[in-house]
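>>> Following is a predicted model, sequence given first.
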Amino acid sequence: MRAIERQALRLLATADAVSNRLYESRFNPLYQSGTILIALYLTLLVTGLWLILFYRVAAPWESVAALTGNLWAGNWVRGLHRYASDAAVVATGVHAFRMFAQGRSWGARTLAWVSGGVLFLLLLLCGWTGYVMVWDTFGEQLAREIARMLDALPVLSEPSSRAFTGERAVPSGFFFITMFAHIGIPLGMGVVFWLHVKRLSRPAILPPRPLMYTVIGLLAAVAVVWPLAIAPKADPFTLPVVVPADVFFAFWIPFTRGLGGGTALTGLAAGALALLVLPIATARRGTAAPAPSFVDETLCTGCVQCSIDCPYGAIEMIARANRPAELVARVDPALCVSCGLCAGSCAPMGVGPAGRTGRDQIARVQAFLASTSRRPGEIVVISCDHGAGMHAPALAAAGAAVYPVDCAGSLHTSVIELLLRGGAGGVLVLACPPRDCWHREGPRWLVERVYHEREAELQARVDRARVRVAHVSAGERRLALAALRGFAAEVSRLEPPRVGRAKNVEPVCDRLEPAGRT
Amino acid sequence: MMRLTRLLGLGIALAAAFALASASSVRMTAHASPDSVLRLAWTARPERVEDCRAQSEEALAKLPPHMRQAVICEGTTASYHLIVRREGAVILDQIVRGGGLRHDRPLYVFHDVRVPAGESAISVRFDRVDATTAPAVAPPRTDTALSESGAPGIGIDPARRQREIEERTRQRGEAIPPSLAVDAALRFVPHEVILVTYDPERRALLTVTAPPR
């Protein structure tokens, strides 16, 4: 499974790089697949509300045909409704692929993965009911295939497929139930969506407006320029040779048509189950599973910053056992994904994953400074493992000293200060593009801490001219090298730094008074 | 250069949108074969094959009043033999029973049989299995005798007894006849369906074809 994830990640990195080139990372649709889905969902709600006003359960095909024949009041709305639903299937696929490739489908994210799988199945169900409502030849094919599979279950006293034999007209009650399901399912999806983002702090709901309007506008433009046609009316006495099928909702029919109803149902159910239980296969176990963050209560001052900064709501502030008036942080290991953003937020360095707390970072950077002879005035590139870290060899070849970190958001600003005091001419932090952070808010918190005095802020004594934060994805080597060259040129115009005690740099955290000590 | 990249991005997005619209309506082959279909589809209540006996006054006296029933009928529903022939050759041969675990639900017939296009002599037979041996007259005789005797029975309201008789008579009337048949020379058009179904009002099988266009 890891090998598959790595291949997927390579593919994703290439696609991201191309898309960043075309649209900038701010408007890269691949980074916004989840929020685009919400925008499409809202589009479907609005267009669906309009369309349902004209639908008649007693004459389904006729009412939709009348709507389709009205170019300005109906056809393009129906087209936008259909294309938005197709785009939602595509966006779901992109979103799931991204989460899978980035290893964000297991552990504390299992709820999000499973609820996302349920949302996808509900989306398909909603689409199927929508097409059946039209009751054209395609809708009839869908209904017959689904009924054929349901008839394999030993729950009905007679096959549901008998409703379509032609003995009598399909009752309007059937279309009423289908319409009820088509309206009710999206409402249920709202509840599942709440579950999907339940474990996220500050979930992004909608994409940037220019992107949202562009996506919806493009679909609407296509709906106007390429008007929808309606397929012939379903006829139980006719076997259509060819039907106009929607690939996004009928992709499974060619595979199941030649199988018995029970076999087809079993196959589809197995596929759905495999999707939902994927977290079991992708879970890291043993030494591969990163340990959750922990809090050193002797150092915690109860400032609540880590609780605020945690992207997954895994840290809560509770009253101290021996001093109820004071707060102390507590990590819920079931919710913690070990991103380490809390380590970067803590001035006294009292919280973080084992081996990556602020104090661990200080020790590591001291070892880095002491390990080899550093060239005075060289640029140190702190690169995020998930992004620019992929370009470490190229950056090193360009003359930089590369200092990798798990996530730029977990970086404690003291590391930057220590590197400068250790003789670095400048520190370039290559974080991932904000919307591509594997831990959601790493680049955002890093920028706030370096430039906008967010705890644990980069101290005012540090020369900001020698610090730069840039955003580079895993597929943007040229951008990484360009950022390095540009920054190096700027630093070269500054006065040479004073070389500090490179091998005996004091950790700044010693100056802070831990809670409880006098 | 930046503007060119933006235009290229917009062009790609537009192409993707058109590709999506195109994939939204692809031609999918549903029925490639030029054959027709002979569809057999009906549902009906099977006959009850049962043994009815009037309860004696002593037996009724032993029961609590709400459980007293003048006539007790025990039995099962009949099975039927469905056989379909085309030009004399058997194309479908099946035993049909009522639905449910105890086979006391309405039976249903539902088959789609592929038939080559052209004229074909079709024969459909739907006969009750064991038609000559099943006792079919016991229930009416018991009911009639009870009605004529006027004997009230212990604790059984005469109106209720009459309702029971009427109910049993109604159920017997709703049951499918013991033998149904249709023989016809049918013209099968490619990709069209001819339906053979049961008309409960006429109590006979009939064929239904597509209305002329």
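Yep, that arrived.

>>> For the residue nearest in space to the middle of chain B, give me its contacts.
The residue lying closest to the centre of chain B (C-alpha atoms, centre = their mean) is B:Thr43, at 1.6 Å. Under the criterion of C-beta atoms under 8 Å, 6 or more residues apart in numbering or on different chains, the contact list for B:Thr43 reads A:158, A:162, B:106-109, B:198. To be clear about C-beta, it is placed using only N, CA and C from the backbone, and glycine gets the same treatment.

>>> Distance check, A:Ile146 against chain B.
15 Å (C-beta to the nearest C-beta, to the nearest Å).

>>> Quick check: closest non-adjacent residue to A:Phe294.
Nearest non-adjacent residue to A:Phe294, counting by C-beta to C-beta, 6 or more residues apart in numbering or on different chains: A:Val331, 6.1 Å away.

>>> With only the CA atoms kept, save stretch A:302-320 in PDB.
Taking Å, rounded to 0.1, in the frame of the first residue of the first chain, the C-alpha atoms of stretch A:302-320 are listed here in PDB:
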ATOM      1  CA  GLY A 302      -1.700  27.800  30.100                       C
ATOM      2  CA  CYS A 303      -1.500  30.400  27.300                       C
ATOM      3  CA  VAL A 304      -4.000  28.500  25.200                       C
ATOM      4  CA  GLN A 305      -2.000  29.100  22.000                       C
ATOM      5  CA  CYS A 306      -1.500  25.500  21.100                       C
ATOM      6  CA  SER A 307      -5.200  24.800  21.600                       C
ATOM      7  CA  ILE A 308      -6.000  27.600  19.200                       C
ATOM      8  CA  ASP A 309      -3.400  26.600  16.600                       C
ATOM      9  CA  CYS A 310      -4.200  22.900  16.500                       C
ATOM     10  CA  PRO A 311      -5.900  22.200  13.100                       C
ATOM     11  CA  TYR A 312      -7.700  19.200  14.500                       C
ATOM     12  CA  GLY A 313      -9.000  20.400  17.800                       C
ATOM     13  CA  ALA A 314      -6.900  17.800  19.600                       C
ATOM     14  CA  ILE A 315      -5.800  20.000  22.400                       C
ATOM     15  CA  GLU A 316      -8.100  21.300  25.100                       C
ATOM     16  CA  MET A 317      -7.300  23.500  28.100                       C
ATOM     17  CA  ILE A 318      -8.300  22.000  31.400                       C
ATOM     18  CA  ALA A 319      -8.000  23.200  35.000                       C
ATOM     19  CA  ARG A 320      -4.800  22.100  36.700                       C
END
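
>>> which residues sit in contact with residue 196?
Since no chain was named, I'll use chain A. Counted by C-beta under 8 Å, 6+ apart, A:His196 has contacts A:111-112, A:115-116, A:119.

>>> My question was about chain B, not that one.
B:38-42, B:122, B:124, B:182, B:205-208.

>>> Over to A:Pro203?
By C-beta under 8 Å, 6+ apart, A:Pro203 lies in contact with A:Val197.

>>> just B:His111 next, same as before
Contacts of B:His111 (C-beta under 8 Å, 6+ apart): B:39-41, B:92, B:94.

>>> May I see those residues organised as JSON lines, with neighbour count and secondary structure added?
Below are these laid out as JSON lines (neighbours: other C-beta atoms under 10 Å in any protein chain shown; DSSP: H, G, I helix; E, B strand; the rest coil):
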{"residue": "B:Arg39", "neighbour count": "22", "secondary structure": "strand"}
{"residue": "B:Leu40", "neighbour count": "22", "secondary structure": "strand"}
{"residue": "B:Ala41", "neighbour count": "22", "secondary structure": "strand"}
{"residue": "B:Leu92", "neighbour count": "15", "secondary structure": "strand"}
{"residue": "B:Gln94", "neighbour count": "12", "secondary structure": "strand"}
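
>>> out of the contacts of B:Val196, which are inside strands?
When DSSP state E is applied, these are split such that B:38-42, B:122, B:124, B:182, B:205-208 fall in strands.

>>> Which single one of those is nearest to A:Leu327?
B:Ala41 (72.1 Å; C-beta to C-beta).

>>> That closest one bridge partners, please.
On the basis of DSSP bridges, B:Ala41 is bridged to B:Phe110.

>>> That one contacts A:Arg162, doesn't it?
Yes - B:Ala41 lies in contact with A:Arg162 (C-beta atoms under 8 Å); the separation is 6.1 Å.

>>> As JSON lines, the ones in strands among the contacts of B:Val196 with pLDDT would be great.
Listed next are the ones in strands among the contacts of B:Val196 as JSON lines, based on pLDDT from 0 to 100:
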{"residue": "B:Leu38", "pLDDT": "95"}
{"residue": "B:Arg39", "pLDDT": "95"}
{"residue": "B:Leu40", "pLDDT": "95"}
{"residue": "B:Ala41", "pLDDT": "94"}
{"residue": "B:Trp42", "pLDDT": "94"}
{"residue": "B:Ile122", "pLDDT": "95"}
{"residue": "B:Val124", "pLDDT": "96"}
{"residue": "B:Val182", "pLDDT": "94"}
{"residue": "B:Leu205", "pLDDT": "94"}
{"residue": "B:Leu206", "pLDDT": "93"}
{"residue": "B:Thr207", "pLDDT": "93"}
{"residue": "B:Val208", "pLDDT": "92"}
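
>>> Can I get the buried ones among those residues as something I can paste into PyMOL?
Restricted to buried positions by 16 or more other C-beta atoms under 10 Å in any protein chain shown, the PyMOL selection for the ones in strands among the contacts of B:Val196 reads:
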select buried, chain B and resi 38+39+40+41+42+122+124+182+205+208
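
>>> Tabulate the ones in strands among the contacts of B:Val196 in TSV, adding columns for distance to B:Ile194.
Shown next, in TSV, are the ones in strands among the contacts of B:Val196 (distance: C-beta to C-beta, whole Å):
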residue	distance to B:Ile194
B:Leu38	6
B:Arg39	7
B:Leu40	10
B:Ala41	11
B:Trp42	14
B:Ile122	8
B:Val124	11
B:Val182	11
B:Leu205	12
B:Leu206	11
B:Thr207	6
B:Val208	7
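
>>> ok, so of the ones in strands among the contacts of B:Val196, who is nearest chain A?
Nearest to chain A among those is B:Ala41, at 3.9 Å by C-beta to the nearest C-beta.

>>> Enumerate every residue touching the closest one.
So B:Ala41 contacts A:162, A:165-167, B:108-111, B:195-197 (C-beta under 8 Å, 6+ apart).

>>> what packs against the top helix by length along chain B?
Counting residues, the longest helix found in chain B (DSSP state H) is helix B:2-23. With contacts taken as 3 or more C-beta pairs under 8 Å, 6 or more residues apart in numbering or on different chains; DSSP states H and E, helix B:2-23 sits against helix A:2-23, helix A:76-101, helix A:209-225.

>>> how about that helix: buried residues?
Neighbour-count burial for helix B:2-23 [16+ other C-beta under 10 Å]: B:9, B:13, B:17, B:20-21.

>>> export those residues to TSV and tack on pLDDT?
Converted to TSV, those look like this (pLDDT from 0 to 100):
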residue	pLDDT
B:Gly9	92
B:Ala13	94
B:Ala17	94
B:Leu20	95
B:Ala21	95
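
>>> which two from the residues you listed end up farthest apart in space?
Across the buried residues of helix B:2-23 (C-beta to C-beta), the longest gap, 19.0 Å, separates B:Gly9 and B:Ala21.

>>> Look at A:Glu167 and say how many residues are nearby.
18 (other C-beta atoms under 10 Å in any protein chain shown).
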